[in-house]
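>>> only geometry, no sequence info:
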C-alpha cells in the first residue's frame, strides 16, 4: 500500500472531501474498498503530511512516516469510533503519534552516540554547569505543567511540544478554535506564574 493506485478517471473524487464524508470513507476502507481509501488519502494526505513534517522537520522522513500512517489507517480503519471523536482528529492523532515515535527513536540513537562520546572524553566544568542548569530549568517546567488543569495541559502540550497550530489543536480536541486558544493562553499564564514563583 505504500504506493496508491490512482482512482479511475470516471470516478468523481473532490480535491478536498467534506469532513462529514471522511467517516464514510473510513468505514468503506475498513471493508477493503480501495477506491474509498484513495479518496480518503486524496482528502487528507496533504494535511497529515504537513503535521508530520512540523514534528519531524525532515522532508524525506516526513514522507516516509506519512506513508506508514496511511498503511496503518488501511489496516486499522475498522477501529475508528465516531463516538470518540471526528475522523480527522483520529487521523491526525495517528499521524502525530507515529511522528513522535520517529523523533523519539532518533533521539534515542542520538543519546547513545552522545553517551558514548561523553564516556570517552573529559567533560569540562563549563559543560557540567550548563547541563545542571538545563536540568534545573526542565524540572521547573515539568513542575509548572503539573500545576495546570488536565484540559490546559493537553492543549498546551499539543501546541508547544507537538508543534500544532491553534486550529489543529481545536480539531484534535474537538473544540471551537476560540476555546482552544483560551485553554492555551490560560495554561501559559499559569505556567508563567508557577515558574515565576520558583525564581
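Alright, I've got the coordinates. Bear in mind that the values here come from a model prediction, so they are computed numbers and not experimental data. Numbers count the residues shown, from 1 in each chain.
>>> quick check: next helix or strand after the helix or strand bottoming out on mean pLDDT in the chain?
Lowest by mean pLDDT, DSSP states H and E among the helices and strands of the chain is helix 125-146, with a mean of 66. Going down the chain from helix 125-146, the next helix or strand is helix 150-156, by DSSP states H and E.
>>> what's that following helix in contact with?
Here helix 150-156 makes contact (CB atoms under 8 Å, 6 or more residues apart in numbering) with 145, 148, 169, 173, 180, 183, 184, 186, 187, 188, 190, 191. Every C-beta, even on glycine, is put in place using the N, C-alpha and C of the backbone.
>>> where in this structure is pLDDT low?
Residues of the chain meeting the criterion pLDDT under 70: 1-20, 110, 113-138, 161, 196-199.
>>> kindly spell out which helices and strands sit in contact with the lengthiest helix in it.
As assigned by DSSP state H, the longest helix anywhere in the chain is helix 87-119. Identification of packing neighbours for helix 87-119 by 3 or more CB pairs under 8 Å, 6 or more residues apart in numbering; DSSP states H and E yields helix 19-30, helix 34-56, helix 59-76, helix 166-173.
>>> can you put the ones you listed in TSV and add mean neighbour count and distance to residue 153?
Below are the helices and strands packed on helix 87-119 laid out as TSV (neighbours: other CB atoms under 10 Å; distance: least, CB to CB, whole Å):
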stretch	mean neighbour count	distance to residue 153
helix 19-30	18	27
helix 34-56	20	19
helix 59-76	17	25
helix 166-173	20	12
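>>> can you list those helices in TSV and add distance to residue 94?
As requested, the helices and strands packed on helix 87-119 are exported to TSV (distance: least, CB to CB, whole Å):
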stretch	distance to residue 94
helix 19-30	11
helix 34-56	8
helix 59-76	6
helix 166-173	11
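>>> residue 96 is nearest to which of those helices?
Nearest to residue 96, of all the helices and strands packed on helix 87-119, is helix 34-56, at 6.4 Å by CB to CB.
>>> list the helices and strands that closest one packs on?
With 3+ CB pairs under 8 Å, 6+ apart as the test, helix 34-56 has helix 19-30, helix 59-76, helix 87-119 packed against it.
>>> quick one on the thing from earlier: is it possible to get JSON lines of the contacts of helix 150-156 that adds distance to residue 99?
Shown next, in JSON lines, are the contacts of helix 150-156 (distance: CB to CB, whole Å):
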{"residue": "145", "distance to residue 99": "21"}
{"residue": "148", "distance to residue 99": "24"}
{"residue": "169", "distance to residue 99": "15"}
{"residue": "173", "distance to residue 99": "18"}
{"residue": "180", "distance to residue 99": "20"}
{"residue": "183", "distance to residue 99": "22"}
{"residue": "184", "distance to residue 99": "20"}
{"residue": "186", "distance to residue 99": "27"}
{"residue": "187", "distance to residue 99": "22"}
{"residue": "188", "distance to residue 99": "24"}
{"residue": "190", "distance to residue 99": "28"}
{"residue": "191", "distance to residue 99": "24"}
